[in-house]
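Novice: Starting from these lines, generate the structure:
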Amino acid sequence: MGTPEFKLRQQVETLYTDHHGWLQGWLRHRMGNACDAADLAHDTFLRLMTRPRSLDSSRLDNRQQARAYLRTIANGLCIDLWRHREIERAWADAIAAQPEASVPSAEDQTAVLQALHEIDAMLRQLPPKAARAFVLATVCGMTHQEVARELGVSSRMIGHYITQAMLHCIQLEARHLAHGGNAAP
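Specialist: Numbering: from 1, shown residues only. Model (predicted):
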């Protein structure tokens, strides 16, 4: 009997051999292009190796179950890619709407885009109402009462939601600083 890492490698290798072509075809159909499909198929198997969760080989011996498992991982990666690209499009549109003299440098644009991706990731970790309350209050400048009316909850609950979101922001900033970064733009 081998080490757990060796066993995991064998399981992923078997899944790759048996299902990579099928997964890439499924992704090509879903994404509409072969390059994204190849990247996402690769990322699916990479995800299996880096975050194996409970890779139960008895569950994956069945072809249908194995493909359902791979499809679930790949679908999540598709959604992440679409979200990532939507943020990039919105940022590009915002830059295009600026007068040329006020367009940030390429380095600053990259830093802002990275911060936007981090904020998006933080917001996705929050319950939907907490994320929406945070955006409405901080980005849109709405009062707690206005946000409460919009979400159909009490002003007190909005305070709770915003506090929850701010704690996530602090954690995000702490992680950023721990990895050698400066304060997020």
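
Novice: Just the mean pLDDT for stretch 170-185, thanks.
Specialist: Mean pLDDT, computed over stretch 170-185, is 68.

Novice: Next, find the distance separating the residue nearest in space to the middle of the chain from Leu113.
Specialist: The structure's the chain has its C-alpha centroid closest to Asp80; by CA atoms, centre = their mean the separation is 4.6 Å. Asp80 is 15 Å from Leu113, where distance means CB to CB, to the nearest Å. The C-beta positions use only the backbone N, C-alpha and C, and glycine is treated the same way.

Novice: now Gly21
Specialist: 34 Å.

Novice: Settle it for me: which of the two has more neighbours?
Specialist: Leu113 (18 against 11; other CB atoms under 10 Å).

Novice: wait, isn't the more buried one in contact with Arg89?
Specialist: No. Taking contacts as CB atoms under 8 Å, Leu113 lies outside contact range of Arg89: 11.0 Å.

Novice: for this protein, where's the lowest mean pLDDT among helices and strands?
Specialist: When the helices and strands of the chain are scored by mean pLDDT, DSSP states H and E, helix 57-60 comes last with a mean of 60.

Novice: can you give me the strands for the chain?
Specialist: For the chain, applying DSSP state E gives no strands.

Novice: which other helices and strands contact the lengthiest helix in the chain?
Specialist: When the chain is parsed with DSSP state H, its longest helix is helix 63-96. Packed against helix 63-96, as judged by 3 or more CB pairs under 8 Å, 6 or more residues apart in numbering; DSSP states H and E, are the following elements: helix 4-31, helix 34-50, helix 57-60, helix 106-125.

Novice: Same list (those helices) but as CSV, adding distance to Leu136.
Specialist: CSV is the format used below for those (distance: least, CB to CB, whole Å):
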stretch, distance to Leu136
helix 4-31, 33
helix 34-50, 33
helix 57-60, 42
helix 106-125, 12
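
Novice: of all these, which gets the most neighbours per residue?
Specialist: helix 34-50 (a mean of 17; mean count of other CB atoms under 10 Å).

Novice: Using PDB, write out every CA atom in that one.
Specialist: The C-alpha coordinates for helix 34-50 follow below in PDB (Å, rounded to 0.1, in the frame of the first residue of the first chain):
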ATOM      1  CA  ALA A  34     -11.100  25.000 -27.700                       C
ATOM      2  CA  CYS A  35      -8.500  27.200 -25.900                       C
ATOM      3  CA  ASP A  36     -10.700  27.900 -22.800                       C
ATOM      4  CA  ALA A  37     -11.800  24.200 -22.800                       C
ATOM      5  CA  ALA A  38      -8.200  23.000 -22.800                       C
ATOM      6  CA  ASP A  39      -7.200  25.400 -20.000                       C
ATOM      7  CA  LEU A  40     -10.300  24.500 -17.900                       C
ATOM      8  CA  ALA A  41      -9.800  20.800 -18.400                       C
ATOM      9  CA  HIS A  42      -6.200  21.100 -17.200                       C
ATOM     10  CA  ASP A  43      -7.400  23.300 -14.200                       C
ATOM     11  CA  THR A  44     -10.000  20.700 -13.300                       C
ATOM     12  CA  PHE A  45      -7.400  18.000 -12.900                       C
ATOM     13  CA  LEU A  46      -5.000  20.400 -11.200                       C
ATOM     14  CA  ARG A  47      -7.800  21.200  -8.700                       C
ATOM     15  CA  LEU A  48      -8.200  17.500  -8.000                       C
ATOM     16  CA  MET A  49      -4.500  17.300  -7.100                       C
ATOM     17  CA  THR A  50      -4.200  20.500  -5.100                       C
END
